[in-house]
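A.B. asks: fold the stuff below for me.
(one chain, ligands or ions: 1)
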Amino acid sequence: MFNYTAYDESQATFFEIAPASELPNGERLFIEMDGKPIVIFNVAGQLFAIADLCTHDDGPLGDGDLEDHNIVCPRHGAEFDIRTGQAVQMPAVIDVPAYPLKIVDGNIWLGLPKE
Ligand code: FES
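C.D. replies: All right, here's what the predicted structure looks like:
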């Protein structure tokens, strides 16, 4: 998995997503990159991006409740840490990809792993 916490800018190619003003505190932004659904969270001014697809059975993670930094899958209750993508609660045992983000000139940029 592409893990945010292990990210090194040289490993990613960044793409401009949207003005940061479109993602206020407490909100979520749903995008698709390379055919992959991704959800970006703004938690107290910090941005985090993970795949919007649960590794247990493809549940829509971005529709789940956020408890601290854990997103709860609305299907069967698996939890993932949005800071790292790590699966932290059964029934999921496989992490989801977590993507690096940066703000440049007021715009959100998201990094995808270089092929
Ligand atoms: S699909 Fe997410 S917990 Fe089952």
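
A.B. asks: make it CA atoms for all contacts and neighbour counts henceforth
C.D. replies: Will do.

A.B. asks: any stretches of this protein with poor pLDDT?
C.D. replies: The chain contains residues with pLDDT under 70 at 1-8.

A.B. asks: now stretch 38-51: buried residues?
C.D. replies: By 16 or more other CA atoms under 10 Å, the buried positions in stretch 38-51 come out as 38, 39, 40, 41, 42, 43, 47, 48, 49, 50, 51.

A.B. asks: next: stretch 72-91.
C.D. replies: Within stretch 72-91, the residues scored as buried using 16+ other CA under 10 Å are 72-74, 77-88.

A.B. asks: Throw the buried residues of stretch 38-51 into a markdown table and include secondary structure and distance to the ligand, thanks.
C.D. replies: Putting the buried residues of stretch 38-51 into a markdown table (DSSP: H, G, I helix; E, B strand; the rest coil; distance: CA to the nearest ligand atom, whole Å) gives the following:
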| residue | secondary structure | distance to the ligand |
| --- | --- | --- |
| 38 | strand | 15 |
| 39 | strand | 15 |
| 40 | strand | 18 |
| 41 | strand | 18 |
| 42 | strand | 21 |
| 43 | strand | 21 |
| 47 | strand | 22 |
| 48 | strand | 19 |
| 49 | strand | 17 |
| 50 | strand | 14 |
| 51 | strand | 12 |
